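Participant: please work out how this folds:
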Amino acid sequence: MPEITLESLAARLDALERRFAGTSPSVVPPSRDWRSVVGLSEENDFTRQMYADMQALREAERKAAREGIAE
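Facilitator: Numbers count the residues shown, from 1 in each chain. Next up, the predicted model:
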């Protein structure tokens, strides 16, 4: 493998810039940003139970941490 120098990196960068000059990006920017998304899950019995289970798990982990019990 040839030695990497600033000159070789500059030449590689120049070649890449020439290759991709004028090409349009294939990634389309999102029309909305993440702050406009609220409530990814609709509220129903399943999501209420899921949130309750997650809260109970967090409380159990906190209690175990306070008591010094490792899982």
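Participant: any idea how many residues pack against residue 48?
Facilitator: Residues near residue 48, counting by other C-beta atoms under 10 Å, number 11. C-beta coordinates here come from the backbone N, C-alpha and C atoms, glycine included.
Participant: that one and residue 66, how far apart?
Facilitator: From residue 48 across to residue 66, the span is 27 Å (C-beta to C-beta, to the nearest Å).
Participant: average pLDDT for the helix or strand containing residue 18?
Facilitator: Under the criterion of DSSP states H and E, residue 18 resides in helix 6-20. Averaged over helix 6-20, pLDDT sits at 90.
Participant: please, where are all the helices along this protein?
Facilitator: Ranges of helices in the chain, per DSSP state H, are 6-20, 45-67.
Participant: tell me the mean pLDDT over the longest one?
Facilitator: With pLDDT averaged residue by residue, helix 45-67 scores 92.
Participant: who touches the helix holding residue 18?
Facilitator: residue 2 (C-beta atoms under 8 Å, 6 or more residues apart in numbering).
Participant: what's the distance between that helix and the middle of its chain?
Facilitator: Centroid separation for helix 6-20 versus its chain: 30 Å, with C-alpha atoms, centre = their mean, to the nearest Å.
Participant: next, count neighbours for residue 15.
Facilitator: 10.
Participant: in JSON lines: the helices of the chain, plus distance to residue 31.
Facilitator: JSON lines is the format used below for those (distance: least, C-beta to C-beta, whole Å):
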{"stretch": "helix 6-20", "distance to residue 31": "25"}
{"stretch": "helix 45-67", "distance to residue 31": "26"}
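Participant: now residue 20: how far from residue 12?
Facilitator: Distance from residue 20 to residue 12, by C-beta to C-beta: 13 Å.
Participant: what does residue 4 give?
Facilitator: Using C-beta to C-beta, residue 4 is found at 9 Å from residue 12.
Participant: residue 47 - how many residues pack around it?
Facilitator: Around residue 47 there are 13 other residues, counting by other C-beta under 10 Å.
Participant: what's the spacing between it and residue 59?
Facilitator: Computed as C-beta to C-beta, the residue 47 to residue 59 distance reads 19 Å.
Participant: same deal with residue 10?
Facilitator: Residue 10 is 58 Å from residue 59, by C-beta to C-beta.
Participant: that's all I had, so thanks and see you.
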